[in-house]
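Student: dropping the sequence and predicted coords here.
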Amino acid sequence: DTAVSQTPKYLVTQMGNDKSIKCEQNLGHDTMYWYKQDSKKFLKIMFSYNNKELIINETVPNRFSPKSPDKAHLNLHINSLELGDSAVYFCASFKGGYGYTFGSGTRLTVV
Amino acid sequence: AQSVTQPDIHITVSEGASLELRCNYSYGATPYLFWYVQSPGQGLQLLLKYFSGDTLVQGIKGFEAEFKRSQSSFNLRKPSVHWSDAAEYFCAVGSFSGNTPLVFGKGTRLSVIA
């Protein structure tokens, strides 16, 4: 069973569209994150949730809205997609003593 | 604020040669340190991690890293590089409690030549 799963793996969409990326972890971890990896491979934290509550919101445009319906899920909704949103988005989870576990990433291409 | 510096953007080594990738961190408490590898088009694979204990940590694929508190460093080494090691390598620092997210360095791209 995949520990942290993201869907879809690839997403190609037009500018101006709204899209969502889903993330689920079956590890029982309390904390989940969204990271963005840009074209230069730099990985930057976007959001952090602990027990469904938002605890970190880095400087991310309001068009990005995370939603955590329960501890095992952290979805990312993006409104009015722009070319600059093209990137690989990684979901991750954390539990003390176990460390951080990453999903395989979602490659978003905005055309 | 925590930060990670990987001073080498790109390194090229010959197959069979030894490798050392540098990583320096800045963190206000006891750091939880990681090395990840990313092959083209792939996700992040954990090579090794360190929080406490022996400062020389063994990882997968024959990699090891040494934690040096006095130098705020966590360098990754491999005695003999294989062509399949060509990839992007990321050093990262986080907290053992998870109350801060993992912060990554900008990565070092490793090329391996015959």
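Tutor: Ah, there it is.

Student: the lowest-mean-pLDDT helix or strand in chain A pairs with which strands?
Tutor: Across the helices and strands of chain A, mean pLDDT, DSSP states H and E gives its lowest value to strand A:53-57, namely a mean of 81. Strand A:53-57 sits in its sheet next to strand A:43-50 (antiparallel), going by DSSP bridges.

Student: how much distance is there from the strand it pairs with to the middle of the chain?
Tutor: Relative to the mean C-alpha coordinate of its chain, strand A:43-50 is positioned 8 Å out (Cα atoms, centre = their mean, to the nearest Å).

Student: hmm, who's touching the least confident helix or strand of chain A?
Tutor: A:33, A:45-49, A:66, A:68, B:99, B:101 (Cβ atoms under 8 Å, 6 or more residues apart in numbering or on different chains). All C-beta atoms are positioned from the backbone trio N, CA, C, and that covers glycine.

Student: residue contacts, the most centrally placed residue in chain B?
Tutor: The centre of chain B sits closest to B:Trp35, judged by Cα atoms, centre = their mean, with a distance of 3.4 Å. By Cβ under 8 Å, 6+ apart, B:Trp35 lies in contact with B:21, B:23, B:46-49, B:59, B:63, B:65, B:74, B:76, B:89-92.

Student: ok, of these, which come out buried?
Tutor: Neighbour counting by 16 or more other Cβ atoms under 10 Å in any protein chain shown classes B:21, B:23, B:46-49, B:59, B:63, B:65, B:74, B:76, B:89-92 among the contacts of B:Trp35 as buried.

Student: go back to those and keep what's next to chain A.
Tutor: For chain A, the contacts drawn from these by Cβ under 8 Å from any Cβ of the partner chain are B:46, B:49, B:90, B:92.

Student: what's the nearest residue to the second one once chain neighbours are set aside sitting at in phi/psi?
Tutor: In space, and not counting its chain neighbours, B:Lys49 is closest to B:Phe34: 4.7 Å by Cβ to Cβ, 6 or more residues apart in numbering or on different chains. Recorded main-chain torsions at B:Phe34 are phi -140, psi 150, according to degrees, to the nearest 10.

Student: any idea what B:Phe34 is bridged to?
Tutor: Going by DSSP bridges, B:Phe34 forms beta bridges with B:Lys49, B:Ala92.

Student: ok, now A:Thr13?
Tutor: Judged by DSSP bridges, the bridge partners of A:Thr13 are A:Val110.

Student: count of residues packed around it?
Tutor: The local packing of A:Thr13 (other Cβ atoms under 10 Å in any protein chain shown) involves 16 other residues.

Student: surely it meets A:Ile78?
Tutor: No: contact criterion Cβ atoms under 8 Å: A:Thr13 and A:Ile78 do not qualify, at 9.3 Å.

Student: now for the two: what residues contact both?
Tutor: By Cβ under 8 Å, 6+ apart, A:Thr13 and A:Ile78 have these common neighbours: A:19, A:108.

Student: if we can go back for a sec, just the contacts of B:Trp35 now: which is nearest A:Asp85?
Tutor: Distance to A:Asp85, by Cβ to Cβ, is smallest for B:Phe90 among those, at 21.8 Å.
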